[in-house]
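*Asks:* Next comes the sequence, and after it the predicted model I'd like to discuss.
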Amino acid sequence: MKWALNLRTVVAVTLLLMLVLLPVYVELTGSRFLLTLFTRIIILALAAVSLNLILGYGGMMSFGHAAYLGIGGYAVGILAFEGVTSGFVQWPVALVVSAAFALVIGALSLRTRGVYFIMITLAFAQMTYYIVAGLARYGGDDGLTIQKRSQFFAPINLSNKVQFYYICLVLLFASMYLIWRVVNSRFGMAVQGARSNDTRMRAIGFPTYRYKLTCFVIAGTLCGLAGALLANHTDFVSPAMMYWTRSGDLIIMVVLGGMGSMFGPLFGAVALLVLEEVLSGITEYWQIILGPLLLLIVLFARGGIDGLLGKVRHG
Amino acid sequence: MTLFIEQCLNGLQFGLLLFLLAAGLTLVFGIMDLVNLAHGSLYMLGAYFAATFAAWTGSFVLGAGLALAATLLVGMAVEVIAMRRLYGRDHLDHVLATFGLILFFNELVRLIWGAGGMSLPLPSWLNTPVRILPGVDYSAYKLSIIIVSLTVAAFLYVLVMRTRLGMLIRAGASNREMIGALGVNIKLLFTLVFGLGAALAGLAGLMQAPILTVQIGMGENILILAFVITVIGGIGSIRGAFVAAIMVGFIDTLGRAYFTDLLRLAFTKETAATAAPALSSMLIYLLMAIILVVRPEGLFPASSK
Amino acid sequence: MRRALFAASAALLFAAGPAAAQQKSIKIGFISTFSGPVAVIGNDMRNSFELALDHMDRKMGGLPVEVIYEDDGFKPEVGKQKTDKLIESDKVDFIVGYIWSNVLLASMKSAIDSKTFLITSNAGPHQIAGEQCSPYIFSTSWQNDQTPQAMGHYMNQKGVKTAFLIGPNYAAGKDMLGGVASTFKGRIVGQELTKWPDQLDFSAELAKAKAEKPDAIFVFYPGKAGVQFLSQYAQSGLKGQIPLYTAFTIDELSLPLQKDLALGVPGAQEWVNDLPNDANKKFVADYIKKYPGLRPSFYGAQTYDAANLVASAVAATKGNLSDKVAVQKALEKADFKSVRGKFKFNTNHIPIQNFYLQEPVKDQDGNFVLKTVATIVEDNQDRFANECNMK
């Protein structure tokens, strides 16, 4: 990775430092709510990072990514409800089930292109939503409270907010590193190439369908992990986690931050959620700004925050 | 048996309502190649306008008429201000921009009308049961929805099949570049088509308002169904939208009604009641997924490509 | 080094004595629904809470009161989020409100874990009365089953032999139908749970009921759904053919919209606006004065009581809210004048109270009002109390 001294790098590094030092700040000022807010931001940033792999780098516009949040979350929730509280069982199950869903959904969806791909991923996500909403035993639309968080061996205690925050942060960094390795590998280059011209890549000899499917599964699995974390964070899961408008929120984060960039999804998640908190304190009609803002970004600032930062050059 | 007839009528009524919504969507999609997620917002505006105008004028019918005109105007305004800049862009851009419009409209409605929602009460001459068959009473209002929707569908058919405008629409749906090359005023055509779609959405919204509800975000649920219908029927095809909408209406209504009973044979009433609507919804999405994999152009493709 | 300094200064702060822990004001978080068609219920609750605060000069135990109102948007996950915000960010001392049982169920863990006292002034899922009861959860309404149970008694009194039950498919709806089934001695020929809150078209369920030809139909549809139901009940031709028995379907908020359709349809309630005690007379009279054109509903009455309950506890503990056990005991005493007349808590913090039969009538001005017709049961206890092991 080339660490050029430009604004983008400075902002990214500052943000990373802030995130690492946040719990210290919270300890000194006693504003525990900040810790809760930023834990949520980290978890959703993880989901956005996973979406960025297929949307930003792979050019696959999946409108059903929130489904994996729900799948991961409900894996934890259902197991907890049935008495299996060990994280060593719950989290692998969440990952495996998410991967399985991603494999099936991806295999079918990737046969289509463009708007049809959007629609079919949406359809599958809605189907998952309805499956879960139809399970009376697990609360259906009312959702399911998780009485005890995922248990690991001591001294790991997810109910300790600071510990949980750092666990989420570590997982986020690990995922970002993983994505970086994938994207910069030969495999990742091929997928990016397929984004701009699929036919050409296939002509050269790359099995683009298989590559894209692999990316899809990786993205789904990571998002499932985010879902498991989210379930632990809120002690509650409900079908609303995977409603199609939630997928829209994730897409906004990725686009706002800058698609296909390393720190884009992180910028996007922080920006969107902090904006939400700050603006809703000022006026309850803040979303009236967000709407046209999105429109303007689409029209004029295609690279998102990352793009804007990159434009500022030193010297 | 009478129950079954009633359920069928309910399914037809719901399907026709969906058709009104989907027709506008498929036209815009087919002719302007524009994915408009904000279509549900126009549906919502139609209902809010109708509730407001009906309260002002004291007349349900007058209120509905004014609401249609208002929604048409809003639709055309949105096309000129926002949509024009999106033509020719990537579908992702459309999705994002129109998603932003949904947020904007939701907040705008909240600003103007408040958070509490509104109600559109029926005049008493519509709020009575009508004996359509011996032993079968059906709501007069729902019957009128069916009649109005069928009339509009017939009108659309005549418009698309028999008028010059309709010919331009069909040509545009099958080959966009051509009609531009032939010297047709594209800008005006697009504005009109978008406006027409908006009016149809507004009609659907105001018609269902007395039955369901008038509240912020009411378009989001039904928008998805409209998209599904568009895909199943074939993008740009009104005939496809009609057939698909009726199918979906029936599956949804009959599914909800009879799955519950079916499931109750094996499960508790609670499990059955929770699972039944989920199953019927899933069935619709499954249908769309199958069509997309097997016949992606839809049942009645409009495009010649 | 810095850590030690920090710890030392913290210790000093705490050593400064209980005066440092003394309240400057009472902060109350209020969760209800203020958007969508059911906003009218949330507004009624807010109006009543504000009226109660006016009546006590906006002070509890001598300390000024600050209320933060949050909207749950009728969604459990939003209600939970707002509850968390009130507890963690606003650091409220009490949480009041909750219309919907599913919202309450999703939110209560946060209150219990943080030892924040939660007074529900409407929702009454059986879980809070039974296995999930907690020293921190109190109710100034009822347990969901109690009201339909009373209606079941009444239906027995009226000699109803067969009944068809209809209600929404969520926590409270299931409780309601279960409650009727537990006291009704006749045969239940059918039950329908409808999708909530989306489904407002009940023609299918009404058609099924018609086909079964029961002696009576019991229905539970709060808010706008109640208006829709009565309208469709009339449209389907059942009005006059099969009598309706209701719980929470006709109230002062829906009655102005239901009008003639509601006349003669009985409902059970623990509070009717014409109950003859002084506190109630003042409440109703002042509500009408402060909010012209509106009348208080049972949602508001329960919330008015909740305000007075909290005030009584603050006064009894002299504002020292950090002693949680003392606050709990003070709340359990329920030493306040309820608009219901006599008010007492059961061991599971659910009220023991009377249930009345109410009927909508037209008064001499042509307004539709609810009238108490009879007392159905006295000092009714909910049926989940012995499942509660409160520590």
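*Replies:* The structure has been received and is ready for your questions.

*Asks:* what comes up buried for the helix or strand hosting residue A:294?
*Replies:* Using DSSP states H and E, residue A:294 sits in helix A:287-300. Taking 16 or more other C-beta atoms under 10 Å in any protein chain shown as the neighbour-count basis, helix A:287-300 is seen to contain the buried residues A:287, A:288, A:290, A:291, A:293, A:294, A:295, A:297, A:298. All C-beta spots, glycine's among them, are computed from the backbone N, C-alpha and C.

*Asks:* who touches the last one in this structure?
*Replies:* When you say that, I think you mean residue A:298. Applying C-beta atoms under 8 Å, 6 or more residues apart in numbering or on different chains, one finds that residue A:298 lies in contact with A:255, B:86, B:93, B:96, B:97, B:100.

*Asks:* pretty sure the fourth one is in a helix, no?
*Replies:* Yes. When DSSP: H, G, I helix; E, B strand; the rest coil is applied, residue B:96 is found to be in a helix.

*Asks:* how many neighbours does it have?
*Replies:* Taking other C-beta atoms under 10 Å in any protein chain shown as the neighbour definition, residue B:96 ends up with a count of 26.

*Asks:* okay, now residue B:154: neighbour count?
*Replies:* Using other C-beta under 10 Å, residue B:154 has 10 neighbouring residues.

*Asks:* how much does the helix or strand containing residue A:268 deviate in direction from helix A:287-300?
*Replies:* With secondary structure defined by DSSP H and E, residue A:268 is part of helix A:264-282. Orientation check (axes from the mean of the first three to the mean of the last three C-alpha atoms, to 10 degrees): helix A:264-282 against helix A:287-300 gives 150 degrees.

*Asks:* Which elements pack onto helix A:264-282?
*Replies:* In terms of contacts (3 or more C-beta pairs under 8 Å, 6 or more residues apart in numbering or on different chains; DSSP states H and E), helix A:264-282 is packed against helix A:7-29, helix A:32-52, helix A:244-257, helix A:287-300, helix A:304-311.

*Asks:* got these as CSV, with mean pLDDT and distance to residue C:167 columns?
*Replies:* CSV is the format used below for those (pLDDT from 0 to 100; distance: least, C-beta to C-beta, whole Å):
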stretch, mean pLDDT, distance to residue C:167
helix A:7-29, 89, 46
helix A:32-52, 92, 35
helix A:244-257, 88, 28
helix A:287-300, 77, 34
helix A:304-311, 77, 48
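
*Asks:* didn't residue C:173 look like it was pressed against residue C:196?
*Replies:* Yes. Taking contact to mean C-beta atoms under 8 Å, the distance of 6.4 Å between residue C:173 and residue C:196 places them in contact.

*Asks:* my read is residue B:202 is in a helix, agree?
*Replies:* Yes. Using three-state DSSP, the assignment for residue B:202 is a helix.

*Asks:* wait, isn't it in contact with residue B:71?
*Replies:* Yes. Using C-beta under 8 Å, residue B:202 and residue B:71 qualify as a contacting pair, with a distance of 3.0 Å.

*Asks:* Quick check: longest helix in chain B by residues?
*Replies:* helix B:2-32 (DSSP state H).

*Asks:* That helix packs against which elements?
*Replies:* When contacts are defined as 3+ C-beta pairs under 8 Å, 6+ apart, helix B:2-32 sits against helix B:39-57, strand B:136-139, helix B:140-162, helix B:164-174, helix B:186-208, helix B:218-233, helix B:238-264, helix C:203-212.

*Asks:* on that earlier part again, with distance to residue C:253 added, can I get the helices and strands packed on helix A:264-282 in a markdown table?
*Replies:* What follows is the helices and strands packed on helix A:264-282, written out as a markdown table (distance: least, C-beta to C-beta, whole Å):
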| stretch | distance to residue C:253 |
| --- | --- |
| helix A:7-29 | 43 |
| helix A:32-52 | 35 |
| helix A:244-257 | 30 |
| helix A:287-300 | 28 |
| helix A:304-311 | 47 |
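
*Asks:* Relative to residue B:5, which of those is closest?
*Replies:* When the helices and strands packed on helix A:264-282 are ranked by distance to residue B:5, counting by C-beta to C-beta, first place goes to helix A:244-257 at 34.4 Å.

*Asks:* Buried residues, the closest one. List them.
*Replies:* Taking 16+ other C-beta under 10 Å as the neighbour-count basis, helix A:244-257 is seen to contain the buried residues A:244, A:246-257.

*Asks:* before we move on, what about stretch B:153-165?
*Replies:* Along stretch B:153-165, these residues count as buried under the neighbour rule (16+ other C-beta under 10 Å): B:153, B:156, B:160.

*Asks:* Which residue is the nearest non-sequential neighbour of the second one?
*Replies:* If I follow you right, that is residue B:156. Setting aside the residues directly before and after it, residue B:156 is nearest to residue B:238 in space (C-beta to C-beta, 6 or more residues apart in numbering or on different chains), at 5.9 Å.

*Asks:* Can you give me the distance of the one you found to chain C?
*Replies:* Applying C-beta to the nearest C-beta, to the nearest Å, the value for residue B:238 to chain C is 27 Å.

*Asks:* gap between that residue and residue B:29?
*Replies:* Here the distance between residue B:238 and residue B:29 works out to 12 Å (C-beta to C-beta, to the nearest Å).

*Asks:* element containing the residue nearest to residue C:254 when sequence neighbours are not counted?
*Replies:* By the measure of C-beta to C-beta, 6+ apart, the closest residue to residue C:254 outside its immediate chain neighbours is residue C:226, 4.7 Å from it. Using DSSP H and E, the secondary-structure element containing residue C:226 is helix C:224-235.

*Asks:* Which other helices and strands does that helix contact?
*Replies:* Under the contact definition 3+ C-beta pairs under 8 Å, 6+ apart, helix C:224-235 sits against strand B:136-139, helix C:203-212, strand C:244-247, helix C:255-258.

*Asks:* For chain A, which of those is the nearest?
*Replies:* Closest to chain A of these, according to C-beta to the nearest C-beta: helix C:203-212, at 18.2 Å.

*Asks:* Quickly list the domain ranges of chain C.
*Replies:* Chain C breaks down into these structural domains: C:2-142+C:276-345, C:146-269+C:356-380 (assignment by automatic domain parsing).

*Asks:* wait, what's in contact with residue B:42?
*Replies:* For residue B:42, the contacting residues are B:24, B:71, B:74, B:75, B:78, B:197, B:198, B:201, B:202, B:205, B:219, taking C-beta under 8 Å, 6+ apart as the criterion.
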